[in-house]
Each structure stands twice: as structure tokens, then as C-alpha cells.
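> build me a model:
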Amino acid sequence: MCEKTQFWDQAKGLLEEWYVACTSKELKKDQPLQTTIYGKNFVVFRQKNGQAAVLLDQCVHRGVPLSAGKMTNGCVTCPYHGWSYQADGQVAHIPSVNGKFFPEKPHAFKQRSYDVCEQDGLIWVYLGDKAPTARPEIFKLPFYDAPGWQSYYMVGKYDGEMGAVAQNIMDVTHTIFVHEGWFRSESGKAVDATIEVSPRKVVVEYHDHEADVGMMPWLTNPHGAQQVHRDSFIAPNITLVEYHWGEPSGMVFNSLITPVGPYESRVYTCVSYKFPIPRVLAKAIQPAVNVYTWVVNNQDIKILAARRKGLENMPMTHSHSVRGDMAHIALEKILESLRHDQSLTPSILGKRPMQFQI
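As a prediction, the model looks like this:
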């Protein structure tokens, strides 16, 4: 069994979820796009009406990737023999048979199609087989189009599996080393927090209200308001990192993680911010905010690449954890419960205090 097939099969219950295939901007109307999820390639394309569609990226004739082809009459066309496919996977045209699109008697060939939803500037695809009424809801990004907020996407490739990337995003203790001087520096202070775990969610509320985290406190928190810092994991692939300084100011990082391979993920991070400055000025400083967030983002990409090298050199039979890793442990147990379609152990659930030093 090849590694890609094995990775897909090992996902089990995690396939019964929605994942981001691409951003709306990445998907052009006249050009098919290939995307990889759990090691399997899919072709994403827009129909004549602009709606997105997703098929398995393989022509049923001779196996050529459809994403290498072109768009014809709202269908994706294979570059080898010109077979064309509709959004539902039905073959709509075989040039060597009769040369007609959409024949009165449909061709007997079809490729696997997947349900798609375009929301918040993202193309979501459902990989599983459950009926629509039994599926989880697609996550609605809370700040993407909220009044007064500016938002943009960063798309990055991470050398880490979905759970490891989510752990990194939810991890405060690494920031004083990986992001020293950019995001947070070592202080020797104890941080009190509260962690709450439910079957599909982990929420950590930090009580370091006097901390000034961010690029420029004079911009983000000129009024000296207490900081509200909250990290959330929404299973199986979403993290929400929030910093708020009173009602007029906040910075939020909402990341959607798409598993690509055993040690590779694609992350779509929606950066949303609202500062106590005129809206036109908030929009004008977006390039500067973008540079700052990309620097921090690339620091995480580099440290996960280093982690991958370490694991490839010597796989870990057991990873050791301390109290500050409580969110990581809960996150992994939630993913395992979804993978095997099992309930979480009751002792994991509930709210409890958490303390660590930074």
C-alpha cells in the first residue's frame, strides 16, 4: 500500500469533516486547480454559474489528472483525450464518441464528486459519506466580515500533521523562544489560565490581563485596557487565537488547517484586526500588519520544519508533557476520538485551572 493511500485510510472518522480546499481568490473561473487533502488529489473548478465543484483528480478513461486540463462549457476537460466532466462527476463529452456536449443519452461514466460550500472567502469540501443532516456545520469565521474589522488571508505550508500544527498555534510557552522580540519575550512570570474541554472543543482563557502582546502597544492598546487573551480549538482543524483590548481594539488569528501528508499541512489563516483609529487608516496600514504577521508565521513554519527533521531522524515512542501542555493533550484526545468514532473519556471533559511560567 502506498504512503498516500495509507494516510487517507488512517484518517478514518476524520474524513467525515469539512476541510478548506483553497481560497476563493485562488480559484479562477477559467482554470481548474489541484488541491491535496489526506494525500489524495482533487480538482477544484468553477461552473458557468460561478459555483465551485470538486472531483477526484483523475480521468476515468486513462487516469490523467483533470487539473492538468482546461475548462470547456463549464466542465473540466482532460488534456489527454478531451473527456469533460460536470460538477457531479458525470462525463458530459467524449470527442471520439459523438463530439457532442451533454448528449441526450448520458454517457455511462462518472467520477467521484464531493459536496462543496463557498463561505468567508474559502472553498470548503466535505470528504465523507454521511448524509447532510448528520454532518458537522461549517465553521463561520466570527470576525471575517464583522463591522469595523479588517481581514486578510495568509496561506502557508507547514511541515507538521494537523494535530501538531494546531498544538503549535495553541501553544503560548514556545512564543518566548520562537518569537522572541517579535511577539513575546521571557519574563519569568507565572501565567494563570483556565482550560475548558468539551467533545469537539478546547478553550483556554488566559488571565495575564496586564500583558501587552503584539507589535505596537501604542497602536493596539493606547487606552491601557486590560488584555483579554483566549485560544480555542474547534475540532478537527480550526484554531482561534484572540487578543482584545477593550471594545475598540483587537487582533484575531483564525487558522483553518488542511492535512496534506503525514508531515505536511496547508494552513489558511484569516488575520482580523480592529484598532482605535479611523477606518481608512486601519485599511492603509494593512501592508505593515501583513509583514509583521508573515514574519511570525514563518518563524512557526521554520520550527515545525526543524521538528520534522528531528522526528524523521529518530521517531518518538512517547512524548512527555507538563501542566502547560494540558490543551495539547486534550486536543490530541479529541482528534483520536473523532478518528475512531468514540466518545471522550469523561475525566478529560470540564473546566480546570492551568498554570505555567513564561
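> now do the helices in the stretch 51-200 of the chain.
When assigned using DSSP state H, counting those that start in this stretch, the helices of the stretch 51-200 of the chain occupy the ranges 162-169, 175-178.
> what do you get for the stretch 251-358 of the chain?
Listed in chain order, the helices of the stretch 251-358 of the chain (DSSP H, counting those that start in this stretch) span residues 279-284, 286-313, 326-339.
> including mean neighbour count, distance to residue 26 and mean pLDDT, could those helices go into TSV?
From N, CA and C alone the C-beta is placed, and that goes for glycine too. Output for those, formatted as TSV (neighbours: other C-beta atoms under 10 Å; distance: least, C-beta to C-beta, whole Å; pLDDT from 0 to 100):
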stretch	mean neighbour count	distance to residue 26	mean pLDDT
helix 279-284	11	22	90
helix 286-313	14	17	93
helix 326-339	19	27	95
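> with respect to residue 263, which of the helices of the stretch 51-200 of the chain lies nearest?
Judged by C-beta to C-beta, the one of the helices of the stretch 51-200 of the chain that comes nearest to residue 263 is helix 162-169, at 8.4 Å.
> how close does residue 106 get to residue 330?
Taking C-beta to C-beta, to the nearest Å as the measure, residue 106 falls 50 Å from residue 330.
> contact partners for residue 71?
With contacts defined as C-beta atoms under 8 Å, 6 or more residues apart in numbering, the neighbours of residue 71 are 29-32, 45-46, 77.
> any idea how far it lies from residue 27?
11 Å.
> joint contacts of these two?
Common neighbours of residue 71 and residue 27, counting by C-beta under 8 Å, 6+ apart, are 45-46.
> kindly reformat the contacts of residue 71 as TSV containing distance to residue 138 and pLDDT.
As requested, those are arranged in TSV below (distance: C-beta to C-beta, whole Å; pLDDT from 0 to 100):
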residue	distance to residue 138	pLDDT
29	22	90
30	26	93
31	25	97
32	23	98
45	20	98
46	19	98
77	29	98
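> so residue 265 makes contact with residue 155?
No. In this structure residue 265 lies outside contact range of residue 155 using C-beta atoms under 8 Å: 11.4 Å.
> and these two? which has more neighbours close in?
It is residue 265, of residue 265 and residue 155, that has more neighbours when counted by other C-beta atoms under 10 Å, with 23 against 16.
> and the gap between residue 204 and residue 55?
Summarising the geometry, the distance separating residue 204 from residue 55, computed by C-beta to C-beta, is 39 Å.
> could you do residue 328 as well?
In this structure, residue 328 and residue 55 are 36 Å apart, going by C-beta to C-beta.
> next one: residue 159
The spacing between residue 159 and residue 55, counted by C-beta to C-beta, is 28 Å.
> with neighbour numbers in mind, choose between those two.
Neighbours per residue (other C-beta under 10 Å) separate residue 159 from residue 55, with residue 55 holding more: 24 against 21.
> the more buried one bridge partners, please.
Beta-bridge partners recorded for residue 55 (DSSP bridges): residue 43, residue 113.
> could you do residue 33 as well?
residue 44.
> what number of residues lie near it?
Around residue 33 there are 20 residues (other C-beta under 10 Å).
> tell me who's in contact with residue 350.
Contacts for residue 350 were tallied using C-beta under 8 Å, 6+ apart; they are 196-197.
> ok, 6 Å please
With contacts defined as C-beta atoms under 6 Å, 6 or more residues apart in numbering, residue 350 is in contact with no residue.
> torsion angles phi and psi at residue 142?
Phi and psi for residue 142, reported as degrees, to the nearest 10, are phi -70, psi -20.
> next SSE after the lowest-mean-pLDDT helix or strand in the chain?
With mean pLDDT, DSSP states H and E as the measure, the helix or strand of the chain carrying the lowest mean pLDDT is helix 217-220 (a mean of 77). Following the chain from helix 217-220 toward its C-terminal end, the next helix or strand by DSSP states H and E is strand 227-234.
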